[in-house]
Structures are given as structure tokens and as C-alpha cells.
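>>> Sequence first, predicted coordinates after that:
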Amino acid sequence: MKIYSADTWTIEELQALAADAGRRAVLIPAADSKRAVLETFAETLDFPADYGVNLDALNDSLHDFADAVADDGQSPITFIWEVPAVFRSDRSFGVICEILQDAERYAGSNLAVIAVCL
């Protein structure tokens, strides 16, 4: 997982870098609370209807997502997650970063995560 400042890289530049590397970029929009972040990941990544909107469910669903990416025959994916300052001070920010890092390790080269601090 890479973490960048929005002052250093724009979202458009990061999307272009992912495309240049032969990867699909998926933008995870900014959300300012744990619940909103969990819901945003679910909506953006089309998690199943029974998604539990909690950290364990995020972990499980990201592993399922990684399996689907590996099996879909398309290019690997890079998440570009917009992280507002207000959420970076939330305790769950670190836990979600750990879950995303675990998903990257699980997926191998099929998934990469970039967090952009707004």
C-alpha cells in the first residue's frame, strides 16, 4: 500500500500511472467516518447484499473481490482511495489500512492500493 498526499499527486495523475502500468484504476471516493468508508467500499466494489458493514466483512469481501479479479481474465486493479484529513484521525483508519494491506498480500500482483490523503 502506498500513501500519497493530494498535494503531490492528483487523482488523474495516479489513474494515468495505473493505466500506463496496464492496470485498471478503481476510485474509492472520500468518506469521513468508519461506517461511511465501509459503505463506500461496498458500493464502489459491488459487495454482496449480505455485506455486514463492519471490519471483518470488509476483510472477507476484499478477499472475495481479489479472487474475482484473479479469475476475470482482465488486467490487475489498483484502488485509489481518497482519504480526508478528518478520517485519518479516526482509530479505524489504521485498521482499514491493515485490512487493505492484507488484501494486497493475499491478491499478489492482482491488487494494489494507493491511499491519497486529501
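That came in fine, so what should we check first?

>>> Leaving out sequence neighbours, find the closest residue to residue 4.
residue 116 (5.4 Å; C-beta to C-beta, 6 or more residues apart in numbering). C-beta here means a position set from N, CA and C on the backbone, and glycine is covered the same way.

>>> pLDDT (mean, whole number) over stretch 65-82?
Average pLDDT, stretch 65-82: 93.

>>> hang on, residue 113 in a helix?
No - going by DSSP: H, G, I helix; E, B strand; the rest coil, the assignment for residue 113 is strand, not a helix.

>>> just the helices in this protein please.
11-20, 34-45, 55-71, 85-88, 91-107 (DSSP state H).

>>> For the most centrally placed residue in the chain, which residues are in contact?
With distances taken as C-alpha atoms, centre = their mean, the chain has residue 79 as the residue nearest its mean C-alpha position (4.3 Å). Residue 79 sits next to 26, 28, 100, 111-114 when contact means C-beta atoms under 8 Å, 6 or more residues apart in numbering.

>>> Could you rerun that using 10 Å?
Shown in contact with residue 79 (C-beta atoms under 10 Å, 6 or more residues apart in numbering): 1, 18, 24-28, 41, 44-45, 62, 65, 100, 103-104, 111-115.

>>> Among those, name the buried ones.
1, 18, 25-26, 28, 41, 45, 62, 65, 100, 103-104, 111-115 (16 or more other C-beta atoms under 10 Å).

>>> what's the burial count for residue 94?
Neighbour count of residue 94, defined by other C-beta atoms under 10 Å: 10.

>>> Buried ones in stretch 45-61, by neighbour count?
45, 47, 51, 57-59, 61.

>>> Can you give me the distance of the closest residue to residue 85 other than its chain neighbours to residue 5?
If the residues on either side of it in the chain are set aside, residue 85 comes closest to residue 118, at 6.6 Å by C-beta to C-beta, 6+ apart. Going from residue 118 to residue 5 by C-beta to C-beta, to the nearest Å gives 9 Å.
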